[in-house]
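Peer 1: build me a structure from this.
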Amino acid sequence: MQIFKRFIEADILKDLNTPEIIIINGPRRVGKTTLLKILKTRITDRKTAYFDFTDPAIIRLWQNFSQEKIKVVLHDLGMQNDNGLLFFDEIQYLNNIGLLFKLFYDHFPGVKIIATGSSSFLFLHDIGDSLAGRKKIFPLYALSLEETTDKSPNDFWRFEEKPVLAEKLGEALKGVLLTGSYPEMYLLESLQDRTAKLKEIVDSYLFKDLLMLEGMKKPRIIVELTKLLAFQIGNLVNPHEIATQIGISRSTVLNYIDLLERFFIVFRVYPYDRNLRNVMKKKFKVYFYDLGIRNAVIGNFNLLDQRDDKGLLLENAVALGLKRRIDYEKKRYELFYWRNYEGKEVDIVLSNDTVTGIEVAWNKKNHKFTKSFPGKGMIVDSTDAYRFYI
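Peer 2: Next comes the predicted model:
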C-alpha cells in the first residue's frame, strides 16, 4: 500500500512538546487515520497508546470519564503524567469529548493528545468554549501534487515553473480535475474503479454527518443544493435564484451553504473590496474541496477533451491549491475574486500586503489580463497551473 508523506506531518511533530491538544480536522476520507498511525510510529521516546472510537469497547472505556478514571487508565497503560502520548481517532463518536480534553489539559499536563475528527467534529460537539486556548487545529485536505510526486517547490508563494517536471505535473493535475485527489484514487488504477469509488463515497459518506443534524428534515434539499452548486463552480452564485429553483427561502439556502462549508464540501470566495461590510452583501463564488466529489455529485466523468467545463475545473483546482497552502502554512493571505462596475473580472485574487490577480484559462493564447485591475496580474492555463496545486 502506497503511503504519502503529508505536508502537515512535520509541523505536528514540532508541536509534540507544547501543552495544546492537537486536532487533525478535515473532510472524510482524506487520510486522517493513516496520518495518525504514521505519527505514532514516529514516536520512540515516550509511551504511546492508540484508541479507535469507532470501536464500541473504546467508547465504553472512555465514557463516564472522571479525573480518577483517567488516572486508572493511564496507570494501566504504564504512563506517568509526564511521559504519555495518546492518539484518539474518530473522536466525534464520544459524547462530551471537549470536557474530556479539558480534564486532560488541566489535570494531566504531561500527557499529550493528538486526535482526529470528521469534518463535523468541531461543529457537532461545540468544543470551542471548553477548549478555548487549549487546542491547536491542523486541517488536512486531499492530497497535493507535492505529496503525491514528492516534488516540493523552493518557495510556493513565488509560483515558480518547473520546466523539467512541467509535463509530468501538468498530467498529474489533469487527473485531479477528473477524479480528485483523495488518497484512495492513487490506489486504484482504472478510471472505472476510481469513479465507482467516488460514487460510493458520495452515496455513503458525503452527507452522512450533515443528515445526522437535528433539524435536517429534508435531506433531498441539501443533495439538490449541492448538485446546483457543483454546476456553478467558478461562477457567481445567486442565492435567490437557487431558492426559487429548489422551492425554499433565500435564508435557508445561505444556511445550508454554510453547513456545506463547515463540513468541508465547498468553500466560498467573496469579491475583493476594502469595505468588508460591502463584501458580505455581494454575490460569492463556490468551489469544491475535491473535484472528484464534484464530478460524482453531477455524475460527469467524461474525459477532459470531451468537457465544456474543464476551464472551470482548472480554476477550482487553482483556488483549492491556494486555500490549502494558506491553511497549512497559516499565512496571512486571503482569497477573493474581482469584478468592477464595467463587468471586467479577475477569477482569483490573492491578497496580503500586496494584491495579485490570477486569471485561469484552459489555453492562455489570445487571453489578455484586464488593465483595470488594481494590482499585479498573471494568466495561467493547463500547462502551468500545476504551480498552484503543489
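Peer 1: hey, let's count contacts and neighbours off CA atoms from now on
Peer 2: OK.
Peer 1: report the beta-bridge partners for I113.
Peer 2: I113 forms beta bridges with L86, as assigned by DSSP bridges.
Peer 1: centroid residue for the chain?
Peer 2: Centroid-nearest residue in the chain: Y141, 3.9 Å away (criterion: Cα atoms, centre = their mean).
Peer 1: quick check, it in contact with V30.
Peer 2: Yes. Shown here, Y141 and V30 form a contact pair, counting by Cα atoms under 8 Å, at 6.0 Å.
Peer 1: so in this structure, where's the weakest helix or strand by average pLDDT?
Peer 2: Using mean pLDDT, DSSP states H and E, the weakest-scoring helix or strand in the chain turns out to be helix 276-281, at a mean of 50.
Peer 1: now for whichever helix or strand comes after it, which elements pack on it?
Peer 2: Downstream of helix 276-281, the next assigned helix or strand under DSSP states H and E is strand 284-288. When contacts are defined as 3 or more Cα pairs under 8 Å, 6 or more residues apart in numbering; DSSP states H and E, strand 284-288 sits against helix 219-230, strand 236-237, strand 266-271, helix 310-329.
Peer 1: quick one: D15 and K102, what's the gap?
Peer 2: According to Cα to Cα, to the nearest Å, D15 and K102 sit 18 Å apart.
Peer 1: apologies, that question was intended for P109.
Peer 2: To K102, P109 is 10 Å away according to Cα to Cα.
Peer 1: and for R60?
Peer 2: Applying Cα to Cα to R60 and K102 gives a distance of 19 Å.
Peer 1: ok, those two, which is more surrounded?
Peer 2: K102 (18 against 12; other Cα atoms under 10 Å).
Peer 1: the more buried one - that's part of a helix, no?
Peer 2: Yes. Under DSSP: H, G, I helix; E, B strand; the rest coil, K102 falls within a helix.
Peer 1: I'd say it and L131 touch.
Peer 2: Yes. At 6.2 Å, K102 and L131 qualify as touching, with contact defined as Cα under 8 Å.
Peer 1: now do the contacts for P183.
Peer 2: The neighbours of P183, taking Cα atoms under 8 Å, 6 or more residues apart in numbering as the test, are 29-31, 142-143.
Peer 1: 10 Å - rerun?
Peer 2: Contact analysis of P183 by Cα atoms under 10 Å, 6 or more residues apart in numbering lists 2-4, 29-31, 34, 142-143, 148.
Peer 1: now it: how far from R194?
Peer 2: Per Cα to Cα, P183 is found 11 Å from R194.
Peer 1: same check, this time on A57
Peer 2: On the measure of Cα to Cα, A57 and R194 end up 34 Å apart.
Peer 1: the two - which one has more neighbours?
Peer 2: R194 (20 against 11).
Peer 1: OK, contacts around the more buried one?
Peer 2: Neighbouring residues of R194 by Cα under 10 Å, 6+ apart: 178-180, 184-188, 200, 292.
Peer 1: give me the element it is part of.
Peer 2: helix 191-201.
Peer 1: quick one, domains of this protein?
Peer 2: Domain segmentation of the chain under automatic domain parsing yields 9-140, 146-388.
Peer 1: next one: the last one to chain centre, how far?
Peer 2: Centroid displacement of domain 146-388 relative to its chain, using Cα atoms, centre = their mean, to the nearest Å, is 11 Å.
Peer 1: ok so, going back, in the contacts of P183, which residue is surrounded by the most others?
Peer 2: Among those, L143 has the most neighbours (other Cα under 10 Å), with 26 neighbours.
Peer 1: secondary structure class for it?
Peer 2: coil.
Peer 1: now do the contacts for the nearest residue to it once chain neighbours are set aside.
Peer 2: Once flanking residues are discounted, L143 sits nearest to S181: 5.3 Å by Cα to Cα, 6 or more residues apart in numbering. With contacts defined as Cα under 10 Å, 6+ apart, S181 is in contact with 30, 141-145, 148, 172-173, 175, 289-293.
Peer 1: tell me the one of those residues nearest A361?
Peer 2: L173 (14.4 Å; Cα to Cα).
Peer 1: what number of residues lie near the closest one?
Peer 2: By other Cα under 10 Å, the residues close to L173 number 25.
Peer 1: ok, now A49?
Peer 2: Neighbour tally, A49, other Cα under 10 Å: 15.
Peer 1: against K69, how distant is it?
Peer 2: 16 Å.
Peer 1: now the contacts of P183 as CSV including secondary structure, pLDDT and distance to I248?
Peer 2: Output for the contacts of P183, formatted as CSV (DSSP: H, G, I helix; E, B strand; the rest coil; pLDDT from 0 to 100; distance: Cα to Cα, whole Å):
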residue, secondary structure, pLDDT, distance to I248
Q2, coil, 77, 45
I3, coil, 85, 44
F4, coil, 91, 43
R29, coil, 90, 31
V30, coil, 93, 32
G31, coil, 94, 36
T34, helix, 95, 40
A142, coil, 95, 32
L143, coil, 96, 36
T148, helix, 92, 42
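Peer 1: distance to L165 added to the residues you listed, as CSV?
Peer 2: Formatted as CSV, the contacts of P183 follow (distance: Cα to Cα, whole Å):
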residue, distance to L165
Q2, 21
I3, 22
F4, 19
R29, 29
V30, 26
G31, 26
T34, 28
A142, 21
L143, 18
T148, 13
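Peer 1: low-confidence ranges in the stretch 201-350 of the chain?
Peer 2: Along the stretch 201-350 of the chain, segments meeting pLDDT under 70 span 209, 212-217, 274-281.
Peer 1: let's see it at 50
Peer 2: Within the stretch 201-350 of the chain, the stretches with pLDDT under 50 are 279-280.
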